[in-house]
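Q: heads up, no residue letters with this:
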């Protein structure tokens, strides 16, 4: 094998030397374009050349890996083959790299013998690693949040991770981050609240390639156990939480209304008691006033020093004095029963007055009560 390779290289050098002596007047019209290939796949590069060429050389990372003459290609490595086409009077040379490896990533150059112009491109190689969901299929509780983890291991470059959800859910979200200790790995976490059975699929898409990888698991949803509500830390369904909140609000409003009604009743009762006590005090005050007036009337004394303002009669003063002295005792003794009778009659009146009838129709005696 080594002897055959050496002979092949020697033949290429001989051909190149002969062509160099002949010269060439052709040129490269369009060089190759950048290619992104998946490890293990094929990568193709095209170079368009005008007619009259003698030798085309393809180099990878600075090393010639394929040469072509108008009669046949010169192949030194089976991983590098060629194809050719005619288009519009121009010649198209194609180099095919089989079983692309990470070590192939780099510059690819197409050139002509005895020509200063060449065409170059860049080969990018990506590695599709492993995509998995640890644990496989899952059994989860209905309406209870859960997480599903997807890992992409040994990818170059890191893929875009996404999720396809085939189960009815009330909420779902996900995020993807690179592994902190492995730059060629990433993790994506899906958070969801399932409400029925179905499937969940993790999808990895290569950047720059129409290539995707996916892994699918079954998600089985079971109803919550009957005693889960009694267990500490068990979460209630959303409808139960809403119903509980509404019930507590109504209960609070009812308590506030009852407190207001109680305060109004107490205030009204106090007002009625205050009014009743005021009436009692007023009645007692009136009764006390009446008793005081009656007592004053009973304890009244006659003012014997009072003299009437009527004009005196023509009788002599001595006679008037005698008659007065003689008449006073009689009037005092005779008017006391009438005075008591008048006190009894005027007791209930608002403004009591006492009058005395004297023996003489021309005499009027007034009494001042003290």
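A: Noted; the coordinates are in hand. Since we're looking at a predicted model, the values are computed, not measured.
Q: what strands line up against the lengthiest strand in the chain, and which way round?
A: Criterion DSSP state E: the longest strand present in the chain is strand 182-194. In the sheet, strand 182-194 lines up against strand 146-153 (antiparallel), strand 169-179 (antiparallel) (DSSP bridges).
Q: OK, contacts around residue 97?
A: 37, 42-45, 60, 79-80, 104, 123 (CB atoms under 8 Å, 6 or more residues apart in numbering). To be clear about C-beta, it is placed using only N, CA and C from the backbone, and glycine gets the same treatment.
Q: can you give me the helices in the stretch 1-150 of the chain?
A: When secondary structure is read from DSSP state H, counting those that start in this stretch, the stretch 1-150 of the chain shows helices at 2-22.
Q: so where's it uncertain?
A: 1-25 (pLDDT under 70).
Q: just the buried ones from the contacts of residue 97?
A: In terms of neighbour count (16 or more other CB atoms under 10 Å), the buried residues within the contacts of residue 97 are 37, 43, 45, 60, 79-80, 104, 123.
Q: if we can go back for a sec, if you compare the strands paired with strand 182-194, which one is most tucked away?
A: For the strands paired with strand 182-194, average neighbour numbers computed from mean count of other CB atoms under 10 Å are highest in strand 146-153, which has a mean of 18.
Q: before we move on, back to that, would JSON lines of the strands paired with strand 182-194 with distance to residue 267 be doable?
A: Listed next are the strands paired with strand 182-194 as JSON lines, based on distance: least, CB to CB, whole Å:
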{"stretch": "strand 146-153", "distance to residue 267": "58"}
{"stretch": "strand 169-179", "distance to residue 267": "51"}
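Q: now the longest strand of the chain: average pLDDT?
A: Average pLDDT, strand 182-194: 94.
Q: in that strand, what counts as buried?
A: So for strand 182-194, counting by 16+ other CB under 10 Å, buried means 185-188, 190, 192-194.
Q: now swap in stretch 84-98 and tell me
A: Buried-residue list, stretch 84-98, by 16+ other CB under 10 Å: 91-95, 97.
Q: run a quick neighbour tally on residue 281.
A: 10 (other CB atoms under 10 Å).
Q: against residue 269, how distant is it?
A: For residue 281, the distance to residue 269 (CB to CB, to the nearest Å) stands at 19 Å.
Q: now do residue 261
A: Distance from residue 261 to residue 269, by CB to CB: 13 Å.
Q: same check, this time on residue 169
A: 60 Å.
Q: also residue 83?
A: From residue 83 to residue 269 the distance is 110 Å (CB to CB).
Q: what's the answer for residue 252, then?
A: Counting by CB to CB, the gap from residue 252 to residue 269 is 26 Å.
Q: hang on, the earlier thing: the more surrounded of residue 83 and residue 269?
A: Between residue 83 and residue 269, counted using other CB under 10 Å, residue 83 has the larger neighbour count: 13 against 10.
Q: the more buried one against residue 94, yeah?
A: Yes - between residue 83 and residue 94 there is a contact under CB atoms under 8 Å: 4.3 Å.
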